[in-house]
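Asks: Next input, structure requested:
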Amino acid sequence: MTPLVPSFPAARLRRLRKSPALRAMVSENHLSPADFIWPVFVMAGSDDETAIPSMPGVTRKTVDRIAEAAREAADLGVQAMCIFPYTAMEHRTEDCAEAWNPDNLSNRAIRTIKDAVPEMAVMTDIALDPYNINGHDGFVENGEIVNDRTVDALVKMALAQAEAGADILGPSDMMDGRIGAIRTALEENHNPDVAILSYSAKYASAFYGPFRDAVGASSALKGDKKTYQMQPANSDEAMRLIARDISEGADMVMVKPGMPYLDICRRAKDTFGVPTFAYQVSGEYAMLTAAAQNGWLDREKVMLESLLAFKRAGCDGILTYFAIDAAKALNG
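Replies: Next up, the predicted model:
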């Protein structure tokens with residue numbers, strides 16, 4: 001629909017920009033701490049945290065400190081957290097069995113958060129790369145990342161996370177058929193209310209580098225992930241992937257990365273109307289933060305502007321490392 005705009009001077013569009021009150025009244029999109037999912041990195045040990053050099057301001061925390069982080073997030077109005085483990089090399093194997101260990105770092109962190117802040121929605125990551133000696137999201141056989149055997153493992157991983165108390169499962173592996181397999185297993189194992197936020201459109205992006213540092217996968221990765229993650233040139237393929245995942249039982253969908261793929265967010269929301277999220281990934285966070293540290297950008301302003309862009313593109317929420325700082329800014 002073409003908007004009706006009277007001619008000047010009947011229409012002086014600057015009238016509604018005159019004051020903060022008027023600008024707020026006509027704002028088309030709004031940010032709230034409840035829009036954010038806060039990704040946190042968990043490591044072994046106790047009462048400790050370690051800085052991640054390529055992600056200034058972000059740390060890996062031990063499980064006990066995750067409880068403190070959850071309470072801080074809840075106090076600021078952030079209602080969801082996503083757990084990513086930093087797995088020691090001795091637990092990274094060809095068979096990835098640590099992925100479905102009921103007492104692995106992720107599952108312990110789930111229970112810790114739910115004990116500390118029961119109302120916090122806990123999201124997990126479902127992919128084998130933190131547990132795989134090869135650094136890939138799936139099993140590697142003769143140099144090939146195999147699909148169906150990987151899906152069987154992802155189901156075991158999903159069930160262990162659901163039993164630990166996860167509210168939202170986030171399959172980020174990009175294997176074919178994993179959403180249907182996980183949904184069926186949840187139903188059969190009496191976890192029908194666990195939600196799936198599928199990374200349906202996850203691109204083989206160069207923006208993931210700092211994240212791989214954060215989870216210790218950079219040195220482990222052999223080759224690249226282009227045979228299972230999407231190529232950046234494609235958008236119609238993303239729509240096919242999202243349609244498939246919804247049909248298999250995904251409750252929500254994720255586009256990853258975020259800012260370079262706002263067109264995909266908009267298309268997904270307009271096409272399917274389902275809850276749509278974006279992941280403002282580590283590279284996006286790192287480049288904005290580094291520019292701010294060099295005095296080239298105002299950190300708070302670009303942080304909030306970048307997050308608002310996701311809402312304008314149709315996202316219902318954003319998985320972002322800025323969650324806590326953005327919540328503080330929005331709370332004044």
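Asks: buried stuff in stretch 316-323?
Replies: For stretch 316-323, the buried set under the neighbour-count rule, 16 or more other CB atoms under 10 Å, comprises 317-323. In short, each C-beta sits where N, CA and C put it, glycine included.
Asks: should've said stretch 238-253
Replies: 238-239, 241-242, 244-246, 248-253.
Asks: The buried residues of stretch 316-323 in helices, which ones?
Replies: Applying DSSP state H to those, the entries found in helices are residue 323.
Asks: Can I get the buried residues of stretch 316-323 in JSON lines including distance to residue 213 and pLDDT?
Replies: Listed next are these as JSON lines, based on distance: CB to CB, whole Å; pLDDT from 0 to 100:
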{"residue": "317", "distance to residue 213": "25", "pLDDT": "97"}
{"residue": "318", "distance to residue 213": "22", "pLDDT": "98"}
{"residue": "319", "distance to residue 213": "18", "pLDDT": "98"}
{"residue": "320", "distance to residue 213": "18", "pLDDT": "98"}
{"residue": "321", "distance to residue 213": "13", "pLDDT": "97"}
{"residue": "322", "distance to residue 213": "18", "pLDDT": "98"}
{"residue": "323", "distance to residue 213": "20", "pLDDT": "98"}
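Asks: Give the other helices and strands that the worst-scoring helix or strand of the chain on mean pLDDT contacts.
Replies: Least confident helix or strand, the chain: helix 209-214 with a mean of 78, by mean pLDDT, DSSP states H and E. Packed against helix 209-214 by the contact rule (3 or more CB pairs under 8 Å, 6 or more residues apart in numbering; DSSP states H and E) you find helix 282-293.
Asks: Residues in contact with the helix it packs on: which ones?
Replies: By CB atoms under 8 Å, 6 or more residues apart in numbering, the surrounding residues in contact with helix 282-293 are 54-58, 205-211, 214, 257-259, 297-299, 302-303, 306, 320-322.
Asks: Which helix or strand lies directly C-terminal to that helix?
Replies: helix 299-312 (DSSP states H and E).
Asks: what comes up buried for that following helix?
Replies: 299, 302-304, 306-311.
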